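from the sequence below, what's the structure:
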Amino acid sequence: MNYCSSLLLSLLIKYNIIIKYKQYIKKYLKNYLL
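Predicted coordinates:
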């Protein structure tokens with residue numbers, strides 16, 4: 001159970017980081033294009 005929960009937590013964190021990274025790229029591209 002502990003291993004499974006830690007695995008889930010790590011996946012969630014990675015997913016969160018990817019979303020923030022994508023948002024950052026979108027903002028950067030908008031500023032760069034404008």
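
what ranges do the helices span in this structure?
2-33 (DSSP state H).

give me the low-pLDDT residue ranges for the protein?
Within the chain, the segments meeting pLDDT under 70 span 1, 34.

at 80 what do you get?
By pLDDT under 80, the weakly predicted segments of the chain are 1, 33-34.

centre of the chain to stretch 21-34, how far?
15 Å (C-alpha atoms, centre = their mean, to the nearest Å).

okay, buried residues for that stretch please.
Across stretch 21-34, burial judged by 16 or more other C-beta atoms under 10 Å covers no residue at all. Just so you know, the C-beta spots here come from the backbone N, C-alpha and C atoms, and that holds for glycine as well.

keeping just the C-alphas, turn stretch 9-26 into PDB.
Taking C-alpha atoms only, stretch 9-26 is exported to PDB below (Å, rounded to 0.1, in the frame of the first residue of the first chain):
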ATOM      1  CA  LEU A   9       2.000  10.700  -5.500                       C
ATOM      2  CA  SER A  10       5.100  10.800  -7.800                       C
ATOM      3  CA  LEU A  11       3.000  10.500 -10.900                       C
ATOM      4  CA  LEU A  12       0.700  13.200  -9.700                       C
ATOM      5  CA  ILE A  13       3.600  15.500  -9.000                       C
ATOM      6  CA  LYS A  14       5.100  14.800 -12.500                       C
ATOM      7  CA  TYR A  15       1.700  15.500 -14.100                       C
ATOM      8  CA  ASN A  16       1.400  18.800 -12.200                       C
ATOM      9  CA  ILE A  17       4.900  19.900 -13.300                       C
ATOM     10  CA  ILE A  18       4.100  19.000 -16.900                       C
ATOM     11  CA  ILE A  19       0.900  21.100 -16.800                       C
ATOM     12  CA  LYS A  20       2.700  24.100 -15.300                       C
ATOM     13  CA  TYR A  21       5.400  23.700 -17.800                       C
ATOM     14  CA  LYS A  22       3.000  23.700 -20.700                       C
ATOM     15  CA  GLN A  23       1.200  26.800 -19.300                       C
ATOM     16  CA  TYR A  24       4.600  28.600 -19.000                       C
ATOM     17  CA  ILE A  25       5.400  27.700 -22.600                       C
ATOM     18  CA  LYS A  26       2.100  29.000 -23.800                       C
END
